[in-house]
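Chemist: structure for the following, please:
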Amino acid sequence: MNDQTENPLQAPRGCPVAHQATELTRLYGPEASTDPVGIYERLRKEHGSVAPVLLEGDVPAWLVLGYRDNRRVLDNPRQFSRDARIWRDWAEGRVEETSPLIPMLGWRPDCVSQDGEPHRRLRAAVTDGLQAASARGIRRHATHFANKQIDAFAATGRADLVSDYAEYLPMLVLSRILGLPEAEGRDLVESCAQVLKGGEDALAHNDRIMAILGELAERKRAEPGGDFTTALLGHAAGLDEEEVVSHLRLVLIAAHTTTSNLLARVLQLILTDTARLSGLISGQLNISAVVEEVMWNSPPLAVLPGRFAAGDLELGGHQIQEGDLLVLGLAAGNIDPEIRPDTGVSVQGNQAHLAFSSGPHECPGQSIGQSVIEIAVDVLLHRLPGLTLAVPPDELTSTASTWESRLDSLPVEFPV
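Modeler: Reported below is the predicted structural model:
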């Protein structure tokens, strides 16, 4: 395992890879769900900036831990492709189509799954559609739904800002952007969460999302509107039906899960630090500075799926072979001691974090997510003066999957 000339992910042909790698660290299971950062740090000590790991179902992968190595992978699609059709373990039948990893790693006809000209063609449609949506009042939608969510608990004096606020607000704004009815958007919150969580229900929830979005595309083809779905259907890139639905799924899952997670973490930081809370209320502190800090220390996607080695190469002192799967440790990279020897030092004004990925696949909707969060925090603090955390900060818990670590709850109280 310590011989850096070997590839611990490469099994002899015909031998199940997982059986050759029984000592590899798992990025799923009890320890990974409660102490992912501890796992990252242990792997860094044992293997350096890149480590062999096992994903759900004991599927082997390389976890990229170093900041510079993450940037190298993200910025070089010729060496590290996003096209899962070159994933050796899948191509050779060692990963089943029913694996809960497929919704996150499998190939589909969207811009995230492709590189080069196919990627540019499809990404242009997504970027243009999101820009058009932004021009139609994202902040107005966020303000409306923030108030609507708060109305449901404002008279009670208590709330859980995860389940009552952060989980639903981004989805409601996204529903308006996509042209989905509000009720359907609320129903999709659980399905999006389950796709990220993995497990035996991930595929069923992914199928449910695809069915709902397929029906949405049919409705909008018959009755166009001023929404993202209509923009995709009519874009000059000429997306076919499967491409349209795949991109609706991509935007829905990526935007909702990352924005809801980031909003919960921002609220956690504000409510566990009275100086930040008072600074925001008085106007001396800008919410964007708090969001920036959270993106460094608790990025909404802790691990980004995935890249596939386009050829044999060296990374972080390890020999990576063609077809190997790599997953990007965004959380680990952001606290890499080589670039942040002291994580207590302020990162205000430094936007070089990995939270939105990097390179040609960098998140195209990041400004929308940040707008939703800024509005969500501003409306909450103005609607509920005297808002305080209802439990000691050390009682707040999180649960992680392979891809993210989510705050379980954020109980608060306030005068009525």
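
Chemist: pick out the residue closest to the middle of this protein.
Modeler: residue 301 (3.7 Å; C-alpha atoms, centre = their mean).

Chemist: what about that residue, distance to residue 144?
Modeler: Distance of residue 301 to residue 144, computed by C-beta to C-beta, to the nearest Å: 27 Å. (Each C-beta comes from the backbone N, C-alpha and C, glycine too.)

Chemist: then residue 63?
Modeler: 41 Å.

Chemist: of the two, which one has the most company?
Modeler: residue 63 (25 against 16; other C-beta atoms under 10 Å).

Chemist: wait, that one touches residue 49, no?
Modeler: No - Residue 63 is not in contact with residue 49 according to C-beta atoms under 8 Å; the separation is 9.9 Å.

Chemist: where in this structure is pLDDT low?
Modeler: The chain contains residues with pLDDT under 70 at 1-6, 8-22.

Chemist: where is the longest helix in it?
Modeler: helix 241-271 (DSSP state H).

Chemist: for the helix or strand where residue 280 lies, buried residues please.
Modeler: Per DSSP states H and E, residue 280 falls inside helix 274-282. For helix 274-282, a neighbour-count test (16 or more other C-beta atoms under 10 Å) marks 276, 277, 279, 280 as buried.

Chemist: which outside residues touch it?
Modeler: With contacts defined as C-beta atoms under 8 Å, 6 or more residues apart in numbering, helix 274-282 is touched by 269, 270, 271, 285, 287, 290, 377, 381, 385.

Chemist: also stretch 213-229?
Modeler: Residues contacting stretch 213-229 (C-beta under 8 Å, 6+ apart): 129-130, 132-133, 136, 176-180, 184, 230, 233-234, 241, 244-245, 248-249, 251-252.

Chemist: now the buried members of the residues you listed.
Modeler: 129-130, 132-133, 176-180, 230, 233, 244-245, 248-249, 251-252.

Chemist: about what we covered before: distance to residue 109 for the buried residues of helix 274-282 - can I get that in TSV?
Modeler: Formatted as TSV, the buried residues of helix 274-282 follow (distance: C-beta to C-beta, whole Å):
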residue	distance to residue 109
276	43
277	46
279	46
280	43
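
Chemist: ok, of those, which one's closest to residue 256?
Modeler: residue 280 (24.5 Å; C-beta to C-beta).

Chemist: how close does that closest one get to residue 384?
Modeler: 13 Å.

Chemist: alpha carbons of the helix holding residue 280, as CSV, please.
Modeler: Provided in CSV are the C-alpha atoms of helix 274-282 (Å, rounded to 0.1, in the frame of the first residue of the first chain):
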residue,chain,number,x,y,z
THR,A,274,-22.7,36.5,18.5
ALA,A,275,-20.2,38.9,17.0
ARG,A,276,-21.1,37.8,13.5
LEU,A,277,-24.8,38.0,14.3
SER,A,278,-24.7,41.5,15.7
GLY,A,279,-22.4,42.6,12.9
LEU,A,280,-25.0,41.5,10.3
ILE,A,281,-27.9,43.0,12.2
SER,A,282,-26.1,46.3,12.5
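
Chemist: can you give me the angle that helix makes with helix 241-271?
Modeler: Counting by axes from the mean of the first three to the mean of the last three C-alpha atoms, to 10 degrees, helix 274-282 points 110 degrees away from the direction of helix 241-271.

Chemist: how far does helix 274-282 sit from the chain's center?
Modeler: Offset of helix 274-282 from its chain centre (C-alpha atoms, centre = their mean, to the nearest Å): 28 Å.

Chemist: begin at 23 from here
Modeler: Happy to do that; since the first residue is 23 now, the last one works out to helix 296-304.

Chemist: what comes up buried for the helix or strand following that helix?
Modeler: For helix 296-304, the following helix or strand on the C-terminal side (DSSP H and E) is helix 309-319. For helix 309-319, a neighbour-count test (16+ other C-beta under 10 Å) marks 309, 312, 313, 314, 315, 316, 317, 318, 319 as buried.

Chemist: state the next helix or strand along the chain beyond helix 309-319.
Modeler: Counting by DSSP H and E, what follows helix 309-319 is strand 325-331.

Chemist: any idea how far that next one is from the middle of the chain?
Modeler: Distance of strand 325-331 from its chain centroid, counting by C-alpha atoms, centre = their mean, is 13 Å.

Chemist: for it, list the C-alpha coordinates in CSV.
Modeler: The C-alpha coordinates for strand 325-331 follow below in CSV (Å, rounded to 0.1, in the frame of the first residue of the first chain):
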residue,chain,number,x,y,z
VAL,A,325,-16.5,15.4,-2.4
LEU,A,326,-17.2,16.1,-6.1
PRO,A,327,-17.9,13.3,-8.5
GLY,A,328,-15.9,12.4,-10.5
ARG,A,329,-13.1,12.3,-13.1
PHE,A,330,-11.7,9.4,-15.1
ALA,A,331,-8.0,9.1,-16.1
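
Chemist: parallel or antiparallel, which strands does that strand pair with?
Modeler: Using DSSP bridges, strand 325-331 pairs in its sheet with strand 102-103 (antiparallel), strand 347-351 (antiparallel).

Chemist: what strands line up against whichever helix or strand comes after it, and which way round?
Modeler: Going down the chain from strand 325-331, the next helix or strand is strand 335-337, by DSSP H and E. Paired neighbours of strand 335-337 in the sheet (DSSP bridges): strand 340-342 (antiparallel).

Chemist: any idea how far the strand it pairs with is from the chain center?
Modeler: Counting by C-alpha atoms, centre = their mean, strand 340-342 comes out at 26 Å from the chain centroid.

Chemist: and what of stretch 255-267?
Modeler: 24 Å.

Chemist: and which of the buried residues of helix 309-319 is nearest residue 109?
Modeler: Closest to residue 109, out of all of the buried residues of helix 309-319 and judged by C-beta to C-beta, is residue 317, at 28.9 Å.

Chemist: residues near the residue nearest to that closest one when sequence neighbours are not counted, how many?
Modeler: Take residue 317 and drop its neighbours on the chain: the residue closest to it by C-beta to C-beta, 6 or more residues apart in numbering is residue 377, 3.8 Å away. The number of residues packed near residue 377 is 26, by other C-beta under 10 Å.

Chemist: test my guess that residue 377 contacts residue 326.
Modeler: No - judged on C-beta under 8 Å, residue 377 makes no contact with residue 326 at a distance of 9.7 Å.
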